[in-house]
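Visitor: Model the structure of this input:
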Amino acid sequence: MELRKNGSLLACLTASCVLAGAARPSVTAPCQLYANDTSSRSCWVWDLSSVPQHNWDVNTSTCPDDCNVFRVASPCSLADNYGCRPGSGSNKPAPAYQESNTDRSCYALGNLDHPMASPLTSVVGADTGLLLVYTDGDAGRRFTYRLLCNDNDQGGPDVGVGIIEHPGLDYTVTWPHKAFCPTKRKGVCPPSSVPPAPMPAPSPSPPPSPPHSLPWGTVPRPTVPQLQYYQSEVRALIHFNMATFIRDGDPGCSASNWNTKAPGTAGPSSDPATFNPDKLDFSNWIESMNAVGIRNAVMTAKHGCGHLLWPTNVTLPGGAEYEFCVGKEKSAIKSNVAADFAKAMTAEGIRIGFYYSLTNNFYMNVLGKVARGTTGWLPGMAQGVSQSEFERIAFAQLTELWTEFGHFSEVWLDGGYPLSMLAEMKAKLPVWQPNATAWNGLGEYESAQDTRLSASPVRWVGTESGLPGKSDIWSTASQAGDYSGAGDPNSPVFAPPGCDTHLQTDGWFWTGAPVRTLSDLQQVYHETVGRNCVIELDFAINRSGLVDPAHAAQYAAFGDWIKCQYGGPPGFNTQFVDATGITTIAGNTSSGGSQSGVLELKISPPTQIDRVMIQEQLEFGQRIRSYTVEVLNSDGQWTLASSGQSVGNKRIDFLSNPAEVSAIRLTVVANQAAPVYIQQFAAFKDNGC
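Guide: Numbering: from 1, shown residues only. A predicted model of the protein is given here:
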């Protein structure tokens, strides 16, 4: 399919709607938009007039209280500025208005007389959505509708995504609806009077984070899946696929082992039968997960080689079978490993997820998200895989993965995804897996645009060592992503930091390398869980399909230490606490206020302690911006023991001078909103575990 003018949408005003507003001139806005399909001499038509004309009040996605209201009209409708203070706003005919929460003054977002439009994908199909942009709003404000083809047949904009302002004065609303699915008509499209909208494009280097200044009282809050992600604290990230039998790497397959049994491998990596665990036993995996206290597990259903752990029905170009997987004629393993994994974990009460990399697929000759065609092609690889075919196959396999194995707690997209696949993935993920967080769901880090895949993103902390080395790590991060690990306390985007790390001293997939020491794992725990992160701990399953005995022993030792020292995830058996449940302290009650919130706990009899733990009640967002902890020594003097900025889900501070104390005192020096909700404040000593 080719779209006229290099793939841009051609829109016309035929059958356009006539719109009118009080004391404003009548205007016309495009209600039918077209794209030519030259391959079949037909025309794709988006009929926006089928969406009932209505105005919707939408906040920013992360500002639940006391926010500016955005009044958004249905596409092809005129927004109503009835809530604006008389004489305070523009009379421009706008698709949306921003109403100030302070004085009800209003700003026109875009101008219906200045539309632009483009399909959301370069190749238009029956599920292609639409980008509808209006420019020339007040002070240059621009408004964009991201109209997603979806099964939904009622309702308005996606309030989970909300209004995104990025960059400044550029506002975007996301809207899924079945009315935004085009239909095909015979014949060439009518001529267009609407220019194409510029499509988001990646920048050559990561842009600087935009300056944020959250109004006092505005606190981003987690979605339910993000809150559950935080509460899990330690998760299993299972590496088990073709690379297990070849070598560690992404991809583990290479020209030197593809059609040859290279040293140290179990066979040629091109042969599906090389993947052959002869003692595969999920109950063995579960035993080690239970030993650590893990209740969530993600498995590599597809890694860089392109080998799948389920028998896909998706076909290659020309209808050829995708046979590089289990359950096919050439496979040694005839069972559906992904389905068996899901069944076993679910029966044990362990929530599941799957890893599917869109970065590399050696079997389809895809490297760095780009199909290479005949470059570097080897016998045994799939033939004729163009970029569009790669993306078709990948999305079809994700469809199988996200719809056939039950409900997930997490989806893993290591390395991100091609931006051309974003729209359809973003439309389907919340429908098929509404309870899942999305690793890398914050978006493409190299993009200057907001390319979030999910309303429940998890961001990478920036290192695979498990040792971020940051004093303060925040629950929020800039929309363009954050490799630094620290996050951004002034960002409106809630994105928990995920800390993936390996148990072996070398490699994600099983290599036979030694495991890390217990003291190393303890440091990992304190630098991740103890700094507001979640550990995603590697389970490198061996070639028999089991947890290696040396690995199992170290998982058990790590779990025993967590239970002995802290009570085990996700909750702590606190040693010295005289408060239970949620404690509310005032903190500052306005921006720049001087009031401090104080929580004091008695320890009787006086006891030697060496660390304290603080937890915020994250349902209400991360509110603390600065705090101190003091201890009451035997001489009756309060002494500063620790201080910091970020608390979030959990903060573990070691005292600068361990001492016998009779009380500890938490002072919230600065906070983003009031009151401050403390879930736990506890003291601990080294139990010698």
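Visitor: just the helices in the stretch 251-400 of the chain please.
Guide: Using DSSP state H, counting those that start in this stretch, the helices found in the stretch 251-400 of the chain span residues 282-292, 337-347, 387-403.
Visitor: Mind checking the pLDDT average for stretch 541-558?
Guide: Taken as a whole, stretch 541-558 has a mean pLDDT of 98.
Visitor: heads up, I number from 29, so please use that
Guide: Yes, from this point I'll number from 29; that puts the last item at stretch 569-586.
Visitor: Give the buried residues for it.
Guide: Judged by neighbour count (16 or more other C-beta atoms under 10 Å), stretch 569-586 contains these buried residues: 569-576, 579-580, 582-583, 585-586. The C-beta positions use only the backbone N, C-alpha and C, and glycine is treated the same way.
Visitor: got it, and stretch 681-689?
Guide: So stretch 681-689, judged by 16+ other C-beta under 10 Å, has buried residues 681, 683, 687, 689.
Visitor: Residue 440 bridge partners, please.
Guide: As for beta bridges, residue 440 partners with residue 383, residue 467 under DSSP bridges.
Visitor: Run a quick check on it versus residue 326, I expect a contact.
Guide: Yes - under the criterion of C-beta atoms under 8 Å, residue 440 makes contact with residue 326 at 5.3 Å.
Visitor: With secondary structure, pLDDT and distance to residue 200 added, can I get the buried residues of stretch 681-689 in TSV?
Guide: Below are the buried residues of stretch 681-689 laid out as TSV (DSSP: H, G, I helix; E, B strand; the rest coil; pLDDT from 0 to 100; distance: C-beta to C-beta, whole Å):
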residue	secondary structure	pLDDT	distance to residue 200
681	strand	96	40
683	strand	91	47
687	strand	86	54
689	strand	92	52
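Visitor: Residue 453: which of these is nearest?
Guide: Checking the buried residues of stretch 681-689 against residue 453 by C-beta to C-beta gives residue 681 as the nearest, at 40.1 Å.
Visitor: quick one, what contacts the residue nearest to that closest one when sequence neighbours are not counted?
Guide: Spatial nearest neighbour of residue 681, excluding adjacent residues (C-beta to C-beta, 6 or more residues apart in numbering): residue 670 at 3.7 Å. Residue 670 makes contact with 640, 656-657, 681-684, according to C-beta atoms under 8 Å, 6 or more residues apart in numbering.
Visitor: Would you convert these into JSON lines that also reports distance to residue 269?
Guide: Listed next are the contacts of residue 670 as JSON lines, based on distance: C-beta to C-beta, whole Å:
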{"residue": "640", "distance to residue 269": "42"}
{"residue": "656", "distance to residue 269": "48"}
{"residue": "657", "distance to residue 269": "45"}
{"residue": "681", "distance to residue 269": "40"}
{"residue": "682", "distance to residue 269": "39"}
{"residue": "683", "distance to residue 269": "45"}
{"residue": "684", "distance to residue 269": "46"}
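Visitor: Lowest-confidence one in the residues you listed?
Guide: residue 684 (80).
Visitor: elements contacting the strand or helix carrying that residue?
Guide: Taking DSSP states H and E as the criterion, residue 684 maps to strand 679-699. Secondary-structure packing of strand 679-699 (3 or more C-beta pairs under 8 Å, 6 or more residues apart in numbering; DSSP states H and E): strand 625-644, strand 652-661, strand 666-672, strand 704-712.
Visitor: what do you get if the cut-off is 10 Å, keeping everything else the same?
Guide: helix 546-556, strand 611-613, strand 625-644, strand 652-661, strand 666-672, strand 704-712 (3 or more C-beta pairs under 10 Å, 6 or more residues apart in numbering; DSSP states H and E).
Visitor: Tell me how far it lies from the chain's centre.
Guide: On the basis of C-alpha atoms, centre = their mean, to the nearest Å, strand 679-699 sits 33 Å off its chain's mean C-alpha point.
Visitor: Out of the contacts of residue 670, the closest to residue 263 would be?
Guide: residue 681 (24.0 Å).
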